[in-house]
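> Structure, please.
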Amino acid sequence: MLRIDGISKSYKGRLALHPLSLDVARGEIFGLLGHNGAGKSTTFGIMLGQLHPDTGEVWLHEASVQNQRARALARVGAIFETPSFYEYLSGWRNLELLVALSAIPDQRRLREVVALVGLESRIHDPVRVYSHGMRQRLALAQALLPNPEFILLDEPTEGLDPEGIQEMRHIILHLRAEHGLTIMLSSHMLVEVEQLCDRIAILNQGRLIFSGDWKTAELSARRMRFTVNDWPRAAEILTSQGCRIESEGIAILRDETDAAGLVHALVQANLRVAAAEPLRLSLEDFYHQHAGTP
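Numbering: from 1, shown residues only. Sure, this is the predicted structure:
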């Protein structure tokens, strides 16, 4: 569905995005993560043809955004940066005007997208009375108007309350499950990304530092927490068994290491083992391990 092939971008001689290559499969929800200034907006801008890359190319539906922009973006919708609407007009009229920029408004399609985002009861109210969550849903409705196969969502849950975040999550999952959409999103809400995304990419200062299934990558490092009466002595024994000590009470095991054998070795050394449990990183932990602090 999407192939990013070596795109880069400089501003006033400063390389803001180092050569970046990614791919997103059809039907996937893909998360693009990174601190402010990491290169996410530059990447989205190049993908939508709003910025021209110094090098590389973006392909959507086997068409080049840089050389065949209209064809490449024909079935693409997006919420990018802060959406703006005519405050004094209704949500419905705003959508009609947006459609009219490129086609004759299709009333049936308008009704479909309004229903998809759950705005039926308020779509004829003026936008000035909309809550932030309603504006986000109206922006999503706008992104869905061209009946896209692929949508880009830049911070779709930013500023929403917990109920609004949950509603947006359900809408995104519904769009993939029931309508087969491929979705790429950026978000600072790592808990939401963890629940939504199949794969992620992490950018740091314009460089790609991780791309793939973070859960599979995390599992490749087998981590265990040991609760014992003498941790320094336990750490010595675990190290002798080939483990790497991460911090007090936590060790990283080699692939071939038998956890039961480690417990047996600790007990044989007359240590009291109150607990030995495998640990899983949250996406937030995984992100900070790779991206560090801004």
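
> quick one, domains of this protein?
With domains defined by automatic domain parsing, the chain comprises 2-212, 217-291.

> Pick the most buried one from those.
With neighbours taken as mean count of other C-beta atoms under 10 Å, those reach their highest mean count in domain 2-212, at a mean of 18. C-beta here means a position set from N, CA and C on the backbone, and glycine is covered the same way.

> now do the same end-to-end measure for that one.
Domain 2-212 has an end-to-end distance of 15 Å (C-alpha to C-alpha, to the nearest Å).

> Which residues outside stretch 1-16 are in contact with it?
17-28, 39, 42-43, 46-47, 51, 53-61, 149-150, 182, 184, 206 (C-beta atoms under 8 Å, 6 or more residues apart in numbering).

> Revised request: answer the last question for stretch 107-115.
For stretch 107-115, with C-beta under 8 Å, 6+ apart as the criterion, the contacting residues are 91-92, 95-96, 99, 120, 123, 141, 144-145, 147.

> Arg128 touches Ser90, doesn't it?
No. When contacts are counted by C-beta atoms under 8 Å, Arg128 is not listed as touching Ser90 (10.1 Å).

> about what we covered before: hmm, which of the contacts of stretch 107-115 is lowest in pLDDT?
Lowest pLDDT of these: Val99, 82.

> secondary structure class for that residue?
helix (DSSP: H, G, I helix; E, B strand; the rest coil).

> In this structure it contacts Asn147, no?
No. Using C-beta under 8 Å, Val99 makes no contact with Asn147, being 11.2 Å away.

> What pairs with the helix or strand encompassing Glu277, parallel or antiparallel?
Under the criterion of DSSP states H and E, Glu277 resides in strand 273-279. Applying DSSP bridges to the sheet, strand 273-279 is found paired with strand 222-228 (antiparallel).

> So what does the residue nearest to Val114 when sequence neighbours are not counted look like in phi/psi?
Take Val114 and drop its neighbours on the chain: the residue closest to it by C-beta to C-beta, 6 or more residues apart in numbering is Ile123, 5.0 Å away. Backbone torsions of Ile123, given as degrees, to the nearest 10, read phi -70, psi -20.

> show me what contacts Ile123?
90-92, 114.

> Closest to Arg176 out of those residues?
Within these, the smallest distance to Arg176 is 19.4 Å, found for Val114 (C-beta to C-beta).

> wait, is the closest one part of a helix?
Yes. The assignment for Val114 is a helix, going by three-state DSSP.

> Could I get the pLDDT score of it?
Value for Val114, per-residue pLDDT: 95.

> Is Met224 bridged to anything, and to what?
According to DSSP bridges, beta-bridge pairing links Met224 with Ala251, Pro278.

> Helix or strand with the lowest mean pLDDT in this structure?
Lowest by mean pLDDT, DSSP states H and E among the helices and strands of the chain is helix 214-219, with a mean of 68.

> for the stretch 101-250 of the chain, what spans make up the helices?
In the stretch 101-250 of the chain, the segments counted as helices under DSSP state H, counting those that start in this stretch are 107-116, 132-144, 162-179, 190-196, 214-219, 231-240.
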